[in-house]
Each structure stands twice: as C-alpha cells, then as structure tokens.
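**Student:** this is a predicted model, with the sequence first.
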Amino acid sequence: MDPPPTGTTQTGTRTRPGVEVSDFDRPRLPRHVRLAFCRTRRRRILLHPETVVVLNGSGGAVIELCDGRHTVTEIVTELGARYQAVSEDEVRRFLTQLVSRRWLELTDG
C-alpha cells in the first residue's frame, strides 16, 4: 500500500513539512492558530497553543492576507501594491516555513 501524498490531508488542506506553495494555493490559519495584536509589543502576533510568535511588519501584512480567499499570487500582488519592493521568493519561503510549522494551512485553489 502506498502512503498518502506528503502534505495532503483528507480535508484537502496541506500542513506537513516539505509542502511547496503553488500560485493557486489559498493559505489560511488553522483553527488552533489566531492572529492578534499585542498592545504591549505594538506588533501582530500569532497565538498557537503554548507558543506566541511575534511578527515583524511585513510578516503581519502577509498573514493578514492569509484568509483562505486569496491565492498566493494575489497575496504577492497585493503586497506589491502596498510596498514598492516585494520579493515573491521571500513571500513563498515565509509561507512555506509557516506551513511546515503547522501555523498555516493551504487549500487548493
């Protein structure tokens, strides 16, 4: 029996390490992760069970757009409209890191 494809779950979302982010994936936060604003730090944070991740400004901007409606291409385009210099590769690497840590999941576009 062949193992299931790496990174695919029965619900059609991918969260496992080694998953590549494609143009048509729609990233979103899983149920166990929340995006919040920390007034003390004056930064956006990701709340994960037993973990708090403090995001820098660009990280917060990327995560804000990870709502399950925007594709990766749309996220890069939106960030390019907001900021003059946006590296598509850096955005993809950031999203891939979040997916591998299970702080973000991908749904097929």
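**Tutor:** It's in.

**Student:** now do the contacts for C38.
**Tutor:** Listed by Cβ atoms under 8 Å, 6 or more residues apart in numbering, the contact set of C38 reads 44-45, 54. All C-beta spots, glycine's among them, are computed from the backbone N, C-alpha and C.

**Student:** swap the cut-off to 6 Å and go again
**Tutor:** Neighbouring residues of C38 by Cβ atoms under 6 Å, 6 or more residues apart in numbering: I45.

**Student:** same question, the one 3 residues further on
**Tutor:** Applying Cβ under 6 Å, 6+ apart, one finds that R41 lies in contact with V54.

**Student:** adjust the sequence numbering to begin at 25 for everything that follows.
**Tutor:** New numbering, starting at 25: the last item is R65.

**Student:** could you check how far it is from V77?
**Tutor:** Separation of R65 from V77 (Cβ to Cβ, to the nearest Å): 11 Å.

**Student:** then A60?
**Tutor:** In terms of Cβ to Cβ, A60 sits 11 Å off from V77.

**Student:** compare those two (neighbour count), which wins?
**Tutor:** V77 (16 against 10; other Cβ atoms under 10 Å).

**Student:** now the helix or strand hosting that one: mean pLDDT?
**Tutor:** Assigned by DSSP states H and E, V77 belongs to strand 75-78. Averaging pLDDT along strand 75-78 gives 92.
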